[in-house]
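J.: The amino acid sequence is not available; the structure is as follows:
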């Protein structure tokens, strides 16, 4: 694409990352994201969500968390989808305390939990045998 003189945009990059993650190539997607970060493409929260979700689906929760931290340091704001992705993965890997911390942080960022958030939290409480 680039060699033919066509510059990728944010939509092209998201599509590429999504495709790599969904086709079992999360490491390649992660490397591609690092290249995109160094380019002149303005990143947004949705591209971070795409790669964070891809890392979570590939059981690479440390990389997902690193990307979340990077998102925060970049000056972008996480959205409900960002939190839902991470809360869900924390519940799935048995680190409910991480899910609780993220859930508690949401109001401080003016993010209102949705049905998916509550479903993930209830699932975590059930797995912890803490549902009353």
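T.: Here it is on my side, so go on. Note that the structure is predicted; figures quoted are calculated from it, not measured.

J.: Now do the same contact list for the residue nearest the centre of the chain.
T.: For the chain, the residue nearest the mean C-alpha position is residue 52 (2.8 Å; CA atoms, centre = their mean). The contact partners of residue 52, by CB atoms under 8 Å, 6 or more residues apart in numbering, come to 64, 67, 68, 71, 82, 85, 86. Quick note: C-beta positions are derived from backbone N, CA and C, even for glycine.

J.: repeat that for 10 Å
T.: By CB atoms under 10 Å, 6 or more residues apart in numbering, the contact set of residue 52 is 21, 33, 45, 60-61, 63-68, 70-71, 78, 81-82, 85-86, 89.

J.: before we move on, what about residue 115?
T.: Taking CB under 10 Å, 6+ apart, we find residue 115 in contact with residue 84.

J.: and what of residue 101?
T.: If a contact means CB under 10 Å, 6+ apart, then residue 101 has 86, 87, 90, 95 as its contacts.

J.: Rebuild those residues as TSV, extending it with distance to residue 127, pLDDT and neighbour count.
T.: Formatted as TSV, those follow (distance: CB to CB, whole Å; pLDDT from 0 to 100; neighbours: other CB atoms under 10 Å):
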residue	distance to residue 127	pLDDT	neighbour count
86	16	96	26
87	13	97	27
90	11	92	24
95	11	90	14
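
J.: Out of these, name the ones that lie in helices.
T.: Counting by DSSP state H, the contacts of residue 101 place 86, 87, 90 in helices.

J.: Was I right to think the second one contacts residue 122?
T.: Right, residue 87. No: taking contacts as CB atoms under 10 Å, residue 87 lies outside contact range of residue 122: 11.2 Å.

J.: mind giving me the domain ranges of the protein?
T.: 1-77, 78-132 (automatic domain parsing).

J.: Report the rounded mean pLDDT for the longest one.
T.: Taken as a whole, domain 1-77 has an average pLDDT of 87.

J.: starting at the chain centroid, how far to that domain?
T.: Chain-centre distance of domain 1-77: 9 Å, with CA atoms, centre = their mean, to the nearest Å.

J.: Check which residues of stretch 23-34 are buried.
T.: Across stretch 23-34, burial judged by 16 or more other CB atoms under 10 Å covers 25, 26, 29, 30, 32, 33.
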